[in-house]
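J.: Mind folding the following:
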Amino acid sequence: MRDYELGIVVSPDATEEQTRGIIDRVVQTVAAGGGQVLRVNAWGRRRLAYPINHHRDGYYVFMDMVMNPQGVAEVEHNLRVSEEVIRHILVRRDPRAVAAARTQEMETVVDESAPPAEASEEEELSPVSEIEVEIAPDAELEE
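T.: Presented below is the predicted three-dimensional model:
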């Protein structure tokens, strides 16, 4: 099993149901191959860097998944034949970066479950809004 990240750009003409259907098909394909989709991050409608098939916008969806290398071809085939998908990219994630991210997530979960530390009186008396910053209006920059 390897970690992968999938980026999909869906046509702006596609409905929300069609976009969900694409995501569901990818999840089902990965699950059928013995893998698992860990996270789905839908960015929503964004401007494309350049026009693709006369579209200036697209719906961006990113997925983190764990699956067998044999399942990559199946996922890419399903995305390639879908008319609503205008671009996709499937990349293998660096195992060291994945391990570091999972360790950080575990530490965050442990920190959130701990009771909050009590603030001392000094910290309560110095709110951030009272910090003053002086800026000289006619200051010239030295070259």
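
J.: Tell me the buried residues in the longest strand seen in the chain?
T.: In the chain, taking DSSP state E as the definition, the longest strand is strand 36-52. Neighbour-count burial for strand 36-52, with 16 or more other CB atoms under 10 Å as criterion, is recorded at residue 37. All C-beta atoms are positioned from the backbone trio N, CA, C, and that covers glycine.

J.: what's the answer for stretch 77-97, then?
T.: Of the residues in stretch 77-97, 78, 79, 82, 84, 85, 86, 88, 90 count as buried by neighbour count, 16+ other CB under 10 Å.

J.: Kindly list the longest helix within this protein.
T.: When the chain is parsed with DSSP state H, its longest helix is helix 95-113.

J.: Could you list the low-pLDDT ranges of the protein?
T.: 112-143 (pLDDT under 70).

J.: Residue nearest the middle of the chain, spatially speaking?
T.: The centroid of the chain falls nearest to residue 41 when counting by CA atoms, centre = their mean (4.7 Å).

J.: those strands in the chain, which residues are they?
T.: 2-10, 36-52, 55-67, 85-92.

J.: Which secondary structure elements does the longest one sit against?
T.: Helices and strands in packing contact with strand 36-52 are listed as helix 16-32, strand 55-67; criterion 3 or more CB pairs under 8 Å, 6 or more residues apart in numbering; DSSP states H and E.

J.: strands paired with the longest strand of the chain, and their directions?
T.: Strand 36-52 pairs in its sheet with strand 55-67 (antiparallel), by DSSP bridges.

J.: quick check, distance from the strand it pairs with to the centre of its chain.
T.: Centre-to-centre, strand 55-67 and its host chain are 9 Å apart (CA atoms, centre = their mean, to the nearest Å).
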